[in-house]
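Chemist: compute the structure for the input listed below.
(one chain, ligands or ions: 1)
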Amino acid sequence: MVEQHSEGGRYELVYWPFLQGRGEFVRLVLEDAGAPYVDVARLPQSQGGGVQAVLDMRRDAAPGLRAFAPPYLRAGDVVLGQTAVICDWLAARHGLAGANEVQRLAARQLMLTILDVVDEAHDTHHPVASSLYFEDQRDAAIAAARAFTRERLPEWLDYFETIAPRGGHWLLGDRASYVDLALFQLVEGLEYAFPAAMARHASRAPAVLAVRDRVRARPRIASYLDSPRRLPFNEDGVFRHYPELDC
Ligand SMILES: N[C@@H](CCC(=O)N[C@@H](CS)C(=O)NCC(=O)O)C(=O)O
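Modeler: I've put the predicted structure just below:
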């Protein structure tokens, strides 16, 4: 039985309420584990939710070591930032972080690599500054997206294909882990943002796509994807579809 210390025995995820973003990597772990959690910022502000909940964590209002940016996870005295750290900690508590130290380290390495791709995908639509609107950096975004879709995307897919399992298993072996969930989210996000480029490169990564399909079929994930808790991708998130960037 997993020991939980949070209010009411539930984890508290604090993330921007209107988008999947990096919070989705944490949400997928919670959902696959069947762990009770509250998506705090999706509550009304009168109940401590809304964007203000995120802003409070960004300021010095949270106990413990302040993390710079969301997602945040609270579980009683434990307050964490950084997607990779949160997923690693949560997954270890729910049997989703590998069976031994070697696998846990492999999972961390893969998770950070997946998040590197997420950063690169983000930088295609915001290559100059996150503080500027997309429209104010459109030309630079088109150049960045062209390089990403033509050069980096096939390199990333080739890399993940070399470490993807063969014969129906998971990235770490026989047991699914949070990096399978993260790879699922990465592929879904890339297909949303760059449908044409992904279709063009799909044939180089059949084992990666098979992991995505297996994750999608996991019962708790399938029911989560059908639920209103799974927000659609949109142009406020990390993965954004702008047709002019899908070279
Ligand atoms: N490396 C961090 C990045 C966190 C991050 O960039 N969060 C975004 C939302 S997905 C944000 O709100 N950033 C605000 C900022 O950087 O000021 C992580 O993986 O958690």
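Chemist: run a quick neighbour tally on P63.
Modeler: 10 (other C-beta atoms under 10 Å). Using the backbone N, CA and C atoms, a C-beta is placed for each residue, glycine as well.
Chemist: pretty sure it contacts G76?
Modeler: No: assessed by C-beta atoms under 8 Å, P63 is found out of contact with G76, at 10.1 Å.
Chemist: distance check, V38 against the ligand.
Modeler: Computed as C-beta to the nearest ligand atom, to the nearest Å, the V38 to the ligand distance reads 19 Å.
Chemist: paired strands for the host helix or strand of that residue, with orientation please.
Modeler: Counting by DSSP states H and E, the element that carries V38 is strand 37-39. Paired neighbours of strand 37-39 in the sheet (DSSP bridges): strand 11-14 (parallel).
Chemist: the strand it pairs with: what's the following helix or strand?
Modeler: helix 23-33.
Chemist: could you name the helices and strands sitting against that following helix?
Modeler: strand 11-14, helix 83-93, helix 178-193, helix 219-225 (3 or more C-beta pairs under 8 Å, 6 or more residues apart in numbering; DSSP states H and E).
Chemist: give me that answer again for 10 Å
Modeler: strand 11-14, strand 37-39, strand 72-75, helix 83-93, helix 101-125, helix 178-193, helix 219-225 (3 or more C-beta pairs under 10 Å, 6 or more residues apart in numbering; DSSP states H and E).
Chemist: what residues are up against L172?
Modeler: Contacts were defined as C-beta atoms under 10 Å, 6 or more residues apart in numbering; by that measure L172 touches 96-100, 102-104, 106-107, 110, 163, 165, 178-180.
Chemist: now it: phi and psi?
Modeler: phi -90, psi 0 (degrees, to the nearest 10).
Chemist: just for the protein, where's the confidence low?
Modeler: Applying pLDDT under 70 to the chain flags the ranges 1-8, 61, 167-168.
Chemist: does the residue of the chain most remote from its centre belong to a helix, a strand or coil?
Modeler: Centroid-distance maximum for the chain: S46 at 28.0 Å, with C-alpha atoms, centre = their mean. Local secondary structure at S46 is given as helix here, using DSSP: H, G, I helix; E, B strand; the rest coil.
Chemist: can you give the distance of stretch 70-84 from its chain's centre?
Modeler: Mean-position distance between stretch 70-84 and its chain equals 14 Å (C-alpha atoms, centre = their mean, to the nearest Å).
Chemist: thinking again about what came up before, how about the helices and strands packed on helix 23-33 in a markdown table, adding distance to R240 and mean neighbour count?
Modeler: Shown next, in a markdown table, are the helices and strands packed on helix 23-33 (distance: least, C-beta to C-beta, whole Å; neighbours: other C-beta atoms under 10 Å):
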| stretch | distance to R240 | mean neighbour count |
| --- | --- | --- |
| strand 11-14 | 22 | 25 |
| strand 37-39 | 21 | 20 |
| strand 72-75 | 23 | 25 |
| helix 83-93 | 18 | 21 |
| helix 101-125 | 5 | 18 |
| helix 178-193 | 6 | 24 |
| helix 219-225 | 20 | 14 |
